[in-house]
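[1] Here is a sequence with its predicted model. Questions after.
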Number of protein chains: 2
Amino acid sequence: MSNITIQVLADTLKISKSSVSKALRDSHEISKATKKKVLALAAKLNYSPNPYASSLRKKKSKTIAVVMPEIADSFFSLVINGIQSVAEKKGYHVLIYLSHEKHTNEKNILNEIHNGRVDGLLISISRETRNGDHIKRLQAAGVPIVFFDRELESVHTATVVTNDLECGYIATKLLLQKGCKRPVFFSHSATLPICKKRAEGFKLALKEAGYKKKDIRIIYGTDSEKGNDLLIKKNISARKRPDAILASVEKNAIQVYIACQECNIKIPDDLKVLAFSNIETASILNPPLSTITQPAFEMGKTAATVLFKGIEKKHFQLENEKIIIPSVLIERKSTGN
Amino acid sequence: MSNITIQVLADTLKISKSSVSKALRDSHEISKATKKKVLALAAKLNYSPNPYASSLRKKKSKTIAVVMPEIADSFFSLVINGIQSVAEKKGYHVLIYLSHEKHTNEKNILNEIHNGRVDGLLISISRETRNGDHIKRLQAAGVPIVFFDRELESVHTATVVTNDLECGYIATKLLLQKGCKRPVFFSHSATLPICKKRAEGFKLALKEAGYKKKDIRIIYGTDSEKGNDLLIKKNISARKRPDAILASVEKNAIQVYIACQECNIKIPDDLKVLAFSNIETASILNPPLSTITQPAFEMGKTAATVLFKGIEKKHFQLENEKIIIPSVLIERKSTGN
């Protein structure tokens, strides 16, 4: 990793050292265009701040931050437990920040973290996040960062994810085996890599089964609970209604169940349901819910372990760590007998 | 509030100002006995640190902390949403710390918070916590504190709770109306005020119905999931098994459902189940779960609102705020038709 200093960045961009340093701190004195250039170059040259200064800072907080969209989701609460199991042994505190799926919140949180509050960051991005400048800025300030589950491909650092594409594929194959003709994929987001990959797996399985592009249906959820509820009810009550729903997140599966109850649609006879979910009550739902169960605890544990390597070892290359921990399909009654 | 200064505390206790100040910071240089004395006096005299120093400190962080036992529980995740709805409007960050039901963790977290990291604290204590010195210390350092749901009676500050005793009573009355003869109360903890009050309501209803003390059964859960699972299975499979379980927390209700499934015991025919719970899936469980539903979001919102009064108004008397927001009994099929 190198002798890239602020001086090198300044020389290359033909601006002052102080401007580079202000750009890296997201100062309002610097234009957006300049900030973009500085960040891009810092990322390209693998710039990291003075290791001594950074190690001084590191000695201070003994705290790592976890930034995630929400906690009312079994996946995220299990991840937290996995992270804390590692942090506890290291004598570190874990701060949990919630973005509530908003890019602005996530940006504010990362700015807050920027002022030396934490030694490292574990992040799963919000469904709105497409631009990664806020994350790159923190990275350029020398804070080790690991993505778990929801990565942002434009930011080069460690990722701990699951085999989303493959799972979308095997989930869809199961629905087809069960005799479904009109499955739909209910997607939490059109842009999140996890949703895109799950959707790709869904499409792949249908294409293999001879479906034409126009017959492959994906419904995109809204950011309001009410909106999703209406969307689901509209779809399951339509004349050409789906005979199976593959839900990309737990929350949507619960909404489908409740909507079916209200609309008197029988699962699995009228509609088969399968969800990406770690919900604890899957086996005691009516009917028990078939799930793609993610290795949530393991993912948290692994992400934290990798992060501590980044915190403890000066020359550890986080960007080489691309870890995939496979999920498991658990068949229950919601997909038929 | 008063002219109680460190000098007054020092004079009264006949020790140096520096010893008082170190005791309030929990310094290792000061003996346990002295710390206890200082804290007791500070609490008694309503000591609060220099308002100017404290207001300087307050300007710094724009952050409040929430310390809670866990997040894999719908109640706590809804509380968080309520808290954040208020904090967001105030432009404050919310840090979430989890004690995982351990007193030691809670103590470490509060020591961490002590160093000026936050402007206020919302706390729901761990099931192990009986001694409140760690909380009193933070209070003596001028950090406004509000308890939500799980208070500690020995610490005098604002509390936002629900009507636990009354709910334990009406829940038990319902079970008796449904024809139950041998109801048991499954308690998460023998010492937490919320559990004690819910148990009191349970006992009261049974006493009114003519039950003798020896026939009023309370089972105390362990701190391990496996332990609880065994305990539940032992009880529901016993010769003189209960015909109803009133669960003091959501997690235990889920465990009862899963245990019944495994032991082939039918809810509600063989066993009626009622739980203090905000679980989102209550209506789609098999069978739908009757719940005492707490006003979780409202409790979080109210607790945060009170806390901000304590943060913003120098002379606001937090200890006068004792807010009770009632819960609602929702009958579903797990208690019979």
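    Good, I have the coordinates. Values in this document were obtained by computation on a predicted structure and should not be read as measured data.
[2] which residues of chain A score low on pLDDT?
    Scanning chain A for pLDDT under 70 picks out A:1-3, A:48-60, A:115-116.
[3] show me what contacts the closest residue to chain B within it?
    Evaluated by CB to the nearest CB, chain A has A:N286 as its residue closest to chain B, separated by 3.5 Å. Heads up, the C-betas are built off the backbone N, CA and C, glycines and all. If a contact means CB atoms under 8 Å, 6 or more residues apart in numbering or on different chains, then A:N286 has B:284-288 as its contacts.
[4] now for the residues you listed, which pair is the farthest apart?
    B:I284 and B:P287 (10.1 Å; CB to CB).
[5] Mind jotting down where the helices sit in the stretch 201-337 of chain A?
    All helices of the stretch 201-337 of chain A, identified by DSSP state H, counting those that start in this stretch, fall at A:225-237, A:250-263, A:296-312.
[6] between these, which one is nearest to A:G91?
    Per CB to CB, nearest to A:G91 of the helices of the stretch 201-337 of chain A: helix A:296-312, 10.9 Å.
[7] wait, does the closest one contact chain B?
    No: judged by CB under 8 Å from any CB of the partner chain, helix A:296-312 and chain B are separated, with a smallest distance of 10.5 Å.
[8] for stretch A:249-258, same thing?
    Yes: applying CB under 8 Å from any CB, one finds stretch A:249-258 touching chain B at A:254, A:257-258.
[9] Make CSV out of those residues and add neighbour count.
    What follows is those, written out as CSV (neighbours: other CB atoms under 10 Å in any protein chain shown):
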residue, neighbour count
A:I254, 21
A:Y257, 25
A:I258, 17
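[10] which one of the residues you listed is nearest A:A10?
    Using CB to CB, A:I254 comes nearest to A:A10 of these, at 52.9 Å.
[11] quick one: contacts for that closest one?
    Going by CB under 8 Å, 6+ apart, A:I254 touches A:279, B:280-281, B:284.
[12] Isn't A:L13 up against A:K36?
    No: using CB atoms under 8 Å, A:L13 makes no contact with A:K36, being 11.0 Å away.
[13] Neighbour count for the two, which is higher?
    The residue with more neighbours, out of A:L13 and A:K36, is A:L13; 16 against 13, by other CB atoms under 10 Å in any protein chain shown.
[14] what are the phi and psi values for the more buried one?
    A:L13 adopts backbone torsions of phi -90, psi 0, taken as degrees, to the nearest 10.
[15] Identify the residues contacting it.
    Residues in contact with A:L13, defined by CB under 8 Å, 6+ apart, are A:20, A:34, A:37-38, A:41.
[16] Can you pull the residues of the stretch 101-250 of chain A lying near chain B?
    Counting by CB under 8 Å from any CB, the stretch 101-250 of chain A sits next to chain B at A:108-109, A:112.
[17] Of these, which is the most crowded?
    Within those, most neighbours by other CB under 10 Å means A:I109, with 21 neighbours.
[18] Leaving out sequence neighbours, find the closest residue to it.
    Spatial nearest neighbour of A:I109, excluding adjacent residues (CB to CB, 6 or more residues apart in numbering or on different chains): A:Y97 at 4.5 Å.
[19] which helices and strands sit right next to the one helix or strand the one you found maps to?
    In the assignment (DSSP states H and E), A:Y97 maps to strand A:93-98. Contacts defined by 3 or more CB pairs under 8 Å, 6 or more residues apart in numbering or on different chains; DSSP states H and E place strand A:93-98 against strand A:63-68, helix A:74-90, helix A:103-114, strand B:93-98, helix B:103-114.
[20] And those: which comes nearest A:V184?
    When the helices and strands packed on strand A:93-98 are compared by CB to CB, helix A:74-90 sits nearest A:V184, at 21.8 Å.
[21] Could you figure out how far that closest one is turned away from strand A:93-98?
    With axes from the mean of the first three to the mean of the last three CA atoms, to 10 degrees as the basis, helix A:74-90 and strand A:93-98 are set at 160 degrees to each other.
[22] What is helix A:74-90 packed up against?
    Using 3+ CB pairs under 8 Å, 6+ apart, the elements in contact with helix A:74-90 are strand A:63-68, strand A:93-98, helix A:296-312.
[23] Dump those to a markdown table, plus mean neighbour count and distance to B:V143.
    Converted to a markdown table, the helices and strands packed on helix A:74-90 look like this (neighbours: other CB atoms under 10 Å in any protein chain shown; distance: least, CB to CB, whole Å):
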| stretch | mean neighbour count | distance to B:V143 |
| --- | --- | --- |
| strand A:63-68 | 24 | 18 |
| strand A:93-98 | 23 | 17 |
| helix A:296-312 | 22 | 29 |
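[24] Nearest to B:P69, out of these?
    Proximity to B:P69 (CB to CB) singles out strand A:93-98 among the helices and strands packed on helix A:74-90, at 13.6 Å.
[25] Contacts for that closest one, please.
    A:62-71, A:80, A:83-84, A:87, A:105, A:109, A:112-113, A:117-118, B:71, B:80, B:84, B:93-98, B:108-109, B:112.
[26] about what we covered before: which of B:I284 and B:P287 has more neighbours?
    B:I284 (23 against 18).
[27] wait, what's in contact with that one?
    Residues near B:I284 by CB under 8 Å, 6+ apart: A:254, A:257-258, A:261, A:285-286.
[28] 10 Å - rerun?
    B:I284 makes contacts with A:253-254, A:256-258, A:260-261, A:267, A:281, A:284-287, A:289, as judged by CB atoms under 10 Å, 6 or more residues apart in numbering or on different chains.
[29] now A:P326
    A:162-163, A:166-167, A:294-295, A:298.
[30] The residues you listed into TSV, with extra columns for distance to A:G201?
    Formatted as TSV, those follow (distance: CB to CB, whole Å):
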residue	distance to A:G201
A:T162	12
A:N163	9
A:E166	6
A:C167	6
A:Q294	14
A:P295	17
A:E298	21
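[31] and these, which are buried?
    Among the contacts of A:P326, those classed as buried by 16 or more other CB atoms under 10 Å in any protein chain shown are A:162-163, A:166-167, A:294-295, A:298.
[32] quick one: the residue lying closest to A:A304 once chain neighbours are set aside from B:D26, how far?
    Closest residue in space to A:A304, ignoring its immediate chain neighbours: A:V86 at 3.8 Å, by CB to CB, 6+ apart. Shown here: A:V86 relative to B:D26, a distance of 27 Å by CB to CB, to the nearest Å.
[33] And A:K90, by the same measure?
    Taken as CB to CB, the span from A:K90 to B:D26 is 22 Å.
[34] same check, this time on A:R127
    Separation of A:R127 from B:D26 (CB to CB): 42 Å.
[35] one step back: tally of neighbours for the residue nearest to A:A304?
    20.
[36] dump the residue contacts of it.
    If you count contacts by CB under 10 Å, 6+ apart, A:V86 has them with A:64, A:92, A:94, A:300-308.
[37] and A:N111, what is it in contact with?
    A:N111 makes contacts with A:25-26, A:134, A:137-138, as judged by CB under 10 Å, 6+ apart.
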